[in-house]
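K.L.:
let's see this in three dimensions:
(one chain, ligands or ions: 1)
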Amino acid sequence: MFDLKITNANLPDGRTGVDIGVKDGRITAIEKNLGGEAGETIDAGNQLVAPPFVDVHFHMDATLSLGMPRMNESGLLLDGIKIWGELKPLLTQEAVIERALAYCDLAVSQGLLAIRTHVDICDERLLGVEALLEVKRLVAPYIDLQLVAFPQDGYYRYPGAVDLLDRALDMGVDIVGGIPHFERTMADGAASMKALCEIAEKRGLLVDIHCDETDDPNSRHIEALTYETQRLGLNGRVNASHLTSMHSMDNYYVSKLLPMMAEAGIAATANPRINIVIQGRHDTYPKRRGMNRFPEMLTYGITSAFGQDCVMDPWYSLNHADMLEVADMGLHVAQMTSRAAMRQCFEAVTTSPAKIMHLEGYGVDVGCKADMVLLQASDSIEAIRLKATRLAVIKGGKVISRTEPRVAKLNIAGRPSQIDASKVVPQV
Ligand code: FE2
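P.N.:
Below is the predicted model of the structure:
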């Protein structure tokens, strides 16, 4: 007897038409024509059942604050930072919690059930830290939320940030963050990598650095981060976020860097929708794309993810928790159009960030947690193409969100018909 059975499911690994049995919050069977009764049965109708989407790079303390206290009319990064600086002293804990919870509801509706968010610690009140720790507690039944202690204004550059970061970790923030390219000098940036990795090693924590988010080809804090990771034995525990300078680096240098990153077991996360609009702003033409070297890193076996970064905040007015839009942008920017590469872009918003977040029991396989998303698409490539509707979102074997299929009702010249975009083209 199963609690839940999903029949006729296609899986991201290529299995088609299988039945998934769930008992006590775990997947206990996957096979064709699975026998046995179930408390609830969902017919997937040969559509994709994927593990939940994962966003490993986000800023939940700022989300949904667009227009507060004023709109970023230019859309430029520096104006965004200025406006965030104006908003910070006006923030209240209640307002941050309210916006974060509203965002989490949106995330659930999009099948996004694991989020790693940075939280700005450059604030003597640590108001954002307190607020997001409370949000983490409130959403724990349905979202895996990890917090990164992020010194937005510089670990050494912002007075007091060294102590504030320690305090944030003492309060329960999970991960050590940093922003070396924003320190006053390259030397300070490298020193911050040393200090922050040593804190992580001492406390047994993971590391997630805003690393080299610049177009400067000589911004090479990734080198210091890689060195410290290797020196302190943090292999598999460090994520280098953004790495936009890598786009502009000399090819010879990159040919040395990537094997060193692979050796140190460093993961990398690009934020394609943000990188593509924020980087290259000082260029005339040709304009650089400003995204890391995602396909090349994959060939070295470097775990590589796509994150969302921002949703309606001072830096960016768009996005809506749709990780398929993020995958779609990454696919285009990195020219990942082979069949295998398109599937890797789906992995970049599911299995790869799950690995970076060290999520236990993640995946659609026997023994995994029964957390899944039924999509209105037959496979992962079609899911990206259509930004597929999340027909059902399942957490611990229970459906926690449903959306009606997207079907257009046409009435052309008095001839009524229906169009379901997932059924328009023959499937291969
Ligand atoms: Fe970020």
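
K.L.:
show me how the protein divides into domains.
P.N.:
Annotated domains of the chain cover 2-51+363-409, 53-356 [automatic domain parsing].

K.L.:
could I get these as JSON lines with distance to Asp420, mean pLDDT and mean neighbour count?
P.N.:
Glycine gets a C-beta too; all of them are placed from N, C-alpha and C. Shown next, in JSON lines, are the domains of the chain (distance: least, C-beta to C-beta, whole Å; pLDDT from 0 to 100; neighbours: other C-beta atoms under 10 Å):
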{"stretch": "domain 2-51+363-409", "distance to Asp420": "5", "mean pLDDT": "97", "mean neighbour count": "19"}
{"stretch": "domain 53-356", "distance to Asp420": "17", "mean pLDDT": "97", "mean neighbour count": "20"}
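
K.L.:
can you lay out those domains as TSV showing distance to Lys423?
P.N.:
TSV is the format used below for the domains of the chain (distance: least, C-beta to C-beta, whole Å):
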stretch	distance to Lys423
domain 2-51+363-409	9
domain 53-356	18
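
K.L.:
in this structure, which spans are helices?
P.N.:
Remark: helices assigned in the chain by DSSP state H are 77-87, 93-109, 127-139, 161-171, 186-203, 221-232, 251-264, 272-278, 294-299, 323-333, 339-347, 351-356, 380-386.

K.L.:
please produce JSON lines containing those helices, extended by distance to Thr63.
P.N.:
Shown next, in JSON lines, are the helices of the chain (distance: least, C-beta to C-beta, whole Å):
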{"stretch": "helix 77-87", "distance to Thr63": "12"}
{"stretch": "helix 93-109", "distance to Thr63": "5"}
{"stretch": "helix 127-139", "distance to Thr63": "11"}
{"stretch": "helix 161-171", "distance to Thr63": "19"}
{"stretch": "helix 186-203", "distance to Thr63": "24"}
{"stretch": "helix 221-232", "distance to Thr63": "26"}
{"stretch": "helix 251-264", "distance to Thr63": "30"}
{"stretch": "helix 272-278", "distance to Thr63": "13"}
{"stretch": "helix 294-299", "distance to Thr63": "25"}
{"stretch": "helix 323-333", "distance to Thr63": "15"}
{"stretch": "helix 339-347", "distance to Thr63": "24"}
{"stretch": "helix 351-356", "distance to Thr63": "18"}
{"stretch": "helix 380-386", "distance to Thr63": "23"}
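
K.L.:
do you know how far the closest residue in space to Arg70 that isn't next to it in sequence is from Gly307?
P.N.:
Distances taken as C-beta to C-beta, 6 or more residues apart in numbering place Ile83 nearest to Arg70, at 6.4 Å, with adjacent residues excluded. To Gly307, Ile83 is 22 Å away according to C-beta to C-beta, to the nearest Å.

K.L.:
gap between Lys355 and Ser248?
P.N.:
For Lys355, the distance to Ser248 equals 28 Å [C-beta to C-beta].

K.L.:
just give the nearest non-adjacent residue to Ile394, would you?
P.N.:
In space, Ile394 is closest to Met372, 4.5 Å off (C-beta to C-beta, 6+ apart).

K.L.:
wouldn't Ser317 be in contact with Asn72 here?
P.N.:
Yes. Using C-beta atoms under 8 Å, Ser317 makes contact with Asn72 at a distance of 7.3 Å.

K.L.:
contacting residues for the residue nearest the centre of the chain?
P.N.:
In the chain, the centroid-proximal residue (C-alpha atoms, centre = their mean) is Asp55; its distance is 2.1 Å. Neighbouring residues of Asp55 by C-beta atoms under 8 Å, 6 or more residues apart in numbering: 107, 112, 114-116, 307-308, 321, 323, 326, 349, 353.

K.L.:
recalculate using a threshold of 10 Å.
P.N.:
Contacts for Asp55 were tallied using C-beta atoms under 10 Å, 6 or more residues apart in numbering; they are 107, 110, 112-117, 269, 271, 305-309, 311, 321, 323, 326, 349, 353, 357.

K.L.:
what of Leu87?
P.N.:
Applying C-beta under 10 Å, 6+ apart, we find Leu87 in contact with 62, 65, 68-70, 313-314.

K.L.:
which two among those residues are spaced furthest apart?
P.N.:
Largest separation among these by C-beta to C-beta: Ala62 and Arg70, giving 14.3 Å.

K.L.:
from Leu165, how far off is the residue nearest to Leu324 when sequence neighbours are not counted?
P.N.:
Excluding its sequence neighbours, the residue lying closest to Leu324 (C-beta to C-beta, 6+ apart) is Lys387, at 4.6 Å. Here the criterion is C-beta to C-beta. By it, Lys387 lies 37 Å from Leu165.

K.L.:
next: Pro405.
P.N.:
In this view, Pro405 and Leu165 are 47 Å apart by C-beta to C-beta.

K.L.:
with Val349 instead?
P.N.:
Separation of Val349 from Leu165 (C-beta to C-beta) stands at 29 Å.

K.L.:
now do the end-to-end distance for stretch 365-384.
P.N.:
Taking C-alpha to C-alpha, to the nearest Å, stretch 365-384 runs 22 Å from one end to the other.

K.L.:
off-centre distance for that stretch?
P.N.:
Remark: stretch 365-384 is offset 17 Å from the chain centroid, using C-alpha atoms, centre = their mean, to the nearest Å.

K.L.:
am I right that Thr226 is in contact with Val238?
P.N.:
Yes. The pair Thr226 / Val238 is scored as a contact, 8.4 Å apart, by C-beta atoms under 10 Å.

K.L.:
between these two, which contacts overlap?
P.N.:
Counting by C-beta under 10 Å, 6+ apart, the contacts common to Thr226 and Val238 are 193, 211, 261, 264-266.
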